[in-house]
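1. here is a sequence together with a model predicted from it:
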Amino acid sequence: MVKGCSVERIYVHEKVYEKYVDEFVKEVKSWKIGQPTTEGTYIGPLSRKEQLQVLEQQVNEAAKKGARVLTGGKKMNQKGYFFEPTVLADVTHDMAVMKDESFGPVIGIMKVKDDEEAVRLMQDTEYGLTASVYSTDKNRAEKILQQINAGTGYWNCCDRVSAALPWSGRKHSGFGVTLSHAGLRAFTKPKAYHLKGS
């Protein structure tokens with residue numbers, strides 16, 4: 001069973017925001033787009049044609065409300081449901097890209113002034129599959145993750161699963177649990193025997 005998640009939105013402290021955004025865009029521009037069977041491909045097509053319109057709407061709405069489109073932003077003119085890897089900066093929470101799931105290569109990066117603001121914004125969603133914190137301070141990262149209502153918390157990594165750990169979501173991000181002993185229970189039915197000797 002394959003499980004996965006994707007990064008939907010990013011919050012960056014104002015002190016490192018511009019440098020982070022610059023480096024992030026450089027990384028995204030280095031990605032190879034193509035068929036999954038082609039050597040070196042990093043971004044493949046979307047699974048559904050309808051999702052192209054969803055991504056276009058998210059990007060266009062964000063741009064109209066003041067977001068900067070730093071790279072990408074539109075569907076690609078080639079066979080398949082391809083959308084350019086897209087980075088949006090200076091986004092806000094009145095934009096759908098920061099509130100709804102994208103299910104595509106679109107990311108919004110928002111500036112925050114401190115951990116408290118980051119936590120408040122991370123909680124401002126109907127979804128709660130995963131949350132990641134990147135910090136050199138493990139205690140600081142754990143303090144943030146403890147406040148987030150998500151099924152999985154990551155420190156300095158993301159998009160990983162382990163057979164030994166439960167995989168579950170919160171809010172509108174899935175029902176029940178898979179993986180680990182908790183997940184195995186979902187596929188079993190207990191049976192009770194009451195036995196009395198003669």
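-> Yep, that arrived.

2. what residues are up against Ala96?
-> Residues counted as contacts of Ala96 (Cβ atoms under 8 Å, 6 or more residues apart in numbering) are Gln57, Gln58, Glu61, Ala62. From N, CA and C alone the C-beta is placed, and that goes for glycine too.

3. for Ile10, same thing?
-> Phe24, Ile107, Gly108, Ile109, Met110.

4. now do Ser135
-> Ala141, Trp155, Asn156.

5. roughly how far does the second one sit from Gly66?
-> Relative to Gly66, Trp155 is positioned 32 Å away (criterion: Cβ to Cβ, to the nearest Å).

6. which residues touch the closest residue to Asp115 other than its chain neighbours?
-> In this structure, Asp115 finds its nearest non-sequential neighbour in Ile144, 5.9 Å apart by Cβ to Cβ, 6 or more residues apart in numbering. Residues in contact with Ile144, defined by Cβ under 8 Å, 6+ apart, are Asp115, Ala118, Val119, Met122, Val133.

7. burial of the third one, as a residue count?
-> Just to be clear, that refers to Val119. Val119: 20 surrounding residues under other Cβ atoms under 10 Å.

8. can I take it that it is in a helix?
-> Yes. Looking at Val119 with DSSP: H, G, I helix; E, B strand; the rest coil, it is inside a helix.

9. is it true that Gly73 touches Glu84?
-> Yes. Using Cβ atoms under 8 Å, Gly73 makes contact with Glu84 at a distance of 6.3 Å.

10. next up, the contacts around the closest residue to Met95 other than its chain neighbours.
-> In space, and not counting its chain neighbours, Met95 is closest to Ala62: 4.4 Å by Cβ to Cβ, 6+ apart. Shown in contact with Ala62 (Cβ under 8 Å, 6+ apart): Val69, Leu88, Val91, Met95, Ala96, Val97, Gly108.

11. cutoff 7 Å now
-> Applying Cβ atoms under 7 Å, 6 or more residues apart in numbering to Ala62 gives the contacts Leu88, Val91, Met95, Val97, Gly108.

12. take those residues and keep only those in strands.
-> Leu88, Gly108 (DSSP state E).

13. JSON lines for the contacts of Ala62, including distance to Glu50, pLDDT and neighbour count?
-> Shown next, in JSON lines, are those (distance: Cβ to Cβ, whole Å; pLDDT from 0 to 100; neighbours: other Cβ atoms under 10 Å):
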{"residue": "Leu88", "distance to Glu50": "21", "pLDDT": "98", "neighbour count": "27"}
{"residue": "Val91", "distance to Glu50": "23", "pLDDT": "97", "neighbour count": "22"}
{"residue": "Met95", "distance to Glu50": "20", "pLDDT": "96", "neighbour count": "22"}
{"residue": "Val97", "distance to Glu50": "17", "pLDDT": "95", "neighbour count": "26"}
{"residue": "Gly108", "distance to Glu50": "21", "pLDDT": "97", "neighbour count": "26"}
